[in-house]
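**Student:** 3D model of this:
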Amino acid sequence: MKAAQLYGLWAVRFANPPAGLPARATMLLEQHAEFAESLAGVVSRDLGPAGGSKAIAAHAAKAALAGDLEGGMLLLDESSDNVSITGTWNGEMVEGSCGKAFKGSWKDTSSSAPDNAPDIPFTLTRLP
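**Tutor:** Numbering: from 1, shown residues only. Predicted coordinates:
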């Protein structure tokens with residue numbers, strides 16, 4: 001599988017997201033501007049009344065993504081300020097999904113994350 005096969009819109013579902021971050025988001029993946037075999041994109045989430053709260057102060061409603069597809073593993077870094085990494089995504093293609101679903105974990109690496117921030121399970125599903 002190649003990164004180009006992941007270009008497009010994806011639905012994100014989190015299991016037990018941290019306070020202030022929603023259980024659902026949308027992800028757009030496309031070709032990285034500098035590295036043709038890599039991915040870039042944006043994750044969009046509705047922060048609602050939690051936006052700007054201390055618990056998620058370092059997260060934005062739209063965060064930049066950059067990373068790679070290595071074999072069946074999707075590895076993305078998230079940045080809410082386009083400078084520092086505020087989250088990491090590590091997912092594995094769901095067997096039998098033909099690259100249309102990934103399961104993995106998201107980790108809050110932002111300045112507002114607790115020292116022992118847990119891995120948050122997620123599922124990515126390609127949108128039509």
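
**Student:** Backbone dihedrals for the residue nearest the centre of the chain, please?
**Tutor:** A centroid search over the chain (Cα atoms, centre = their mean) returns residue 89, at 5.2 Å, as the residue closest to the centre. When quoted as degrees, to the nearest 10, the phi and psi of residue 89 stand at phi -120, psi 120.

**Student:** Nearest residue to it in space, please, no chain neighbours.
**Tutor:** residue 76 (4.0 Å; Cβ to Cβ, 6 or more residues apart in numbering). Placement of C-beta: from N, CA and C, glycine included.

**Student:** Show me where the chain has its strands.
**Tutor:** In the chain, the segments counted as strands under DSSP state E are 8-14, 24-31, 39-44, 62-70, 73-79, 87-93, 101-108, 119-126.

**Student:** Tell me how far the shortest one lies from the chain's centre.
**Tutor:** Yep, that's strand 39-44 we're talking about. Distance of strand 39-44 from the chain centroid (Cα atoms, centre = their mean, to the nearest Å) equals 7 Å.

**Student:** Strand 101-108 and that strand, what's the angle between them?
**Tutor:** 70 degrees (axes from the mean of the first three to the mean of the last three Cα atoms, to 10 degrees).

**Student:** The longest one now?
**Tutor:** Taking the same axes, to 10 degrees, strand 62-70 and strand 101-108 form an angle of 120 degrees between their directions.

**Student:** Over to the second one?
**Tutor:** Relative orientation of strand 24-31 versus strand 101-108 (the same axes, to 10 degrees): 100 degrees.
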